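Peer 1: Okay, sequence plus prediction incoming.
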Amino acid sequence: MEIEEIQKQVIEFEKKWAANKGFEFTEELSTIHLMEELGEIARQLFNKKARPEKFNEENLKEEIIDVILVSLCLADKLNINLSKELINKINKLNERDYAK
């Protein structure tokens, strides 16, 4: 599945979910949500080292996916062409000295 198709499906879900809750995800709310999801990754990584009895690998995987999904929605709100920008970024990384 292409990234645009995944993005479209995630955006449709996000809009339905937000409408059912009575609000709209704005750039600001999407950014706050992204920060929240990053915090949940940080919590699991902290647990892995400091409180291994609370570490949940499945939850860590879910939170990483949540970050990707929220990022797709935020990119849409900012009118970012993901395919184009991903290719541009990969090309830039490959051109840098440390990638050679």
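Peer 2: Received, thanks. Residues are numbered from 1 along each chain as shown.
Peer 1: Can you show me the helices along this protein?
Peer 2: Here the chain has its helices, by DSSP state H, at 3-21, 27-50, 57-77, 82-95.
Peer 1: most packed of those helices?
Peer 2: Each of these was assessed for mean neighbour count using mean count of other Cβ atoms under 10 Å. The highest is helix 57-77, with a mean of 16. Backbone N, C-alpha and C define where each C-beta goes, glycine included.
Peer 1: That helix packs against which elements?
Peer 2: Under the contact criterion of 3 or more Cβ pairs under 8 Å, 6 or more residues apart in numbering; DSSP states H and E, helix 57-77 touches helix 3-21, helix 27-50, helix 82-95.
Peer 1: what would these look like in a markdown table with distance to residue 73?
Peer 2: Below are those laid out as a markdown table (distance: least, Cβ to Cβ, whole Å):
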| stretch | distance to residue 73 |
| --- | --- |
| helix 3-21 | 5 |
| helix 27-50 | 6 |
| helix 82-95 | 11 |
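Peer 1: closest to residue 75 out of these?
Peer 2: Closest approach to residue 75 among the helices and strands packed on helix 57-77 (Cβ to Cβ): helix 82-95, 5.5 Å.
Peer 1: So which residues lie in contact with the closest one, not counting its own?
Peer 2: Identification of contacts with helix 82-95 by Cβ atoms under 8 Å, 6 or more residues apart in numbering yields 2-4, 7, 72, 75, 99.
Peer 1: roughly how far is it from the heart of the chain?
Peer 2: Computed by Cα atoms, centre = their mean, to the nearest Å, the chain-centroid distance of helix 82-95 equals 18 Å.
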